[in-house]
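1. here's a sequence, model it:
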Amino acid sequence: MHRVEFYKKRGFTVESFMTELRYYSVDHAKLAASLKLEDDANIIVKPYSEEMLQAVLDYDKSIAGQDRGDYLRPCLQAYKKLVFVATDAEGKLTGYVVAINMTGEVSYGIFPLYGDTEQVQSDLMRQVLMALPNGSKITFYTPDNNAPVARMIEALGAKTVLNSKRLYTKHEVKLPFKKVGSVLNYVAFGI
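-> Next comes the predicted model:
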């Protein structure tokens, strides 16, 4: 927030949504108690595979409002062992999550976590956290407009360490916030 005026002076004119940077240490033993888990035969979470690429790209475009395949393809390839997708009973993609390796004090970033419903986001969160080593320090970059995800992440015991405002040069980015648990962009926080 202390840099908003700095960026405005450099051409960033559109103020958009607020985000919160949160840190969490993975605790496998507490995950089930922390996350709202319900049996739902319509939510199937599974590891990502190359055959799912186009479905993930299409789903991402429905969230972002634009094609981000040039960035997302190499990201999915690089981190494919830590990418999970959610589908409904008919096989339609309803969300995805990526855990990205980081360096320094933080081991992984959850960038992004997208899901059609709160339950899809919770199921994806559980799956990706269980795939990470116990005790790993991770980070999320959550929009403040998604109260259910904020509650879910706080129930895990995550701590907010930074609030920031998204700024843009031409137009406001309008995300379907109920579907966004953690945004894709993590560059500023590659600690």
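2. give me the helix or strand of the protein that scores worst on average pLDDT.
-> Every helix and strand of the chain was ranked by mean pLDDT, DSSP states H and E. The lowest is strand 159-168, at a mean of 76.
3. just checking: what are the partner strands of that strand?
-> Using DSSP bridges, strand 159-168 pairs in its sheet with strand 14-25 (antiparallel).
4. got the CA positions of the least confident helix or strand of the chain in PDB?
-> Taking C-alpha atoms only, strand 159-168 is exported to PDB below (Å, rounded to 0.1, in the frame of the first residue of the first chain):
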ATOM      1  CA  LYS A 159      -1.300 -15.300   9.000                       C
ATOM      2  CA  THR A 160      -1.700 -12.200   6.900                       C
ATOM      3  CA  VAL A 161       1.600 -10.400   6.400                       C
ATOM      4  CA  LEU A 162       0.900  -7.900   3.700                       C
ATOM      5  CA  ASN A 163      -2.100  -6.100   2.100                       C
ATOM      6  CA  SER A 164      -1.700  -4.700  -1.400                       C
ATOM      7  CA  LYS A 165      -3.800  -3.000  -4.000                       C
ATOM      8  CA  ARG A 166      -3.800  -4.100  -7.600                       C
ATOM      9  CA  LEU A 167      -3.200  -1.200 -10.000                       C
ATOM     10  CA  TYR A 168      -3.500  -1.300 -13.800                       C
END
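5. can I get the CA coordinates of whichever strand or helix holds residue 54 in CSV?
-> Assigned by DSSP states H and E, residue 54 falls within helix 53-64. Output in CSV follows, covering the C-alpha atoms of helix 53-64 (Å, rounded to 0.1, in the frame of the first residue of the first chain):
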residue,chain,number,x,y,z
LEU,A,53,-4.1,-28.8,-20.8
GLN,A,54,-6.8,-27.2,-23.1
ALA,A,55,-9.5,-27.6,-20.4
VAL,A,56,-7.3,-25.9,-17.9
LEU,A,57,-6.5,-23.1,-20.4
ASP,A,58,-10.1,-22.6,-21.2
TYR,A,59,-11.1,-22.6,-17.5
ASP,A,60,-8.3,-20.1,-16.7
LYS,A,61,-9.6,-17.8,-19.5
SER,A,62,-13.1,-17.9,-18.0
ILE,A,63,-11.6,-16.6,-14.8
ALA,A,64,-9.1,-14.1,-16.1
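6. thanks a lot, catch you later.
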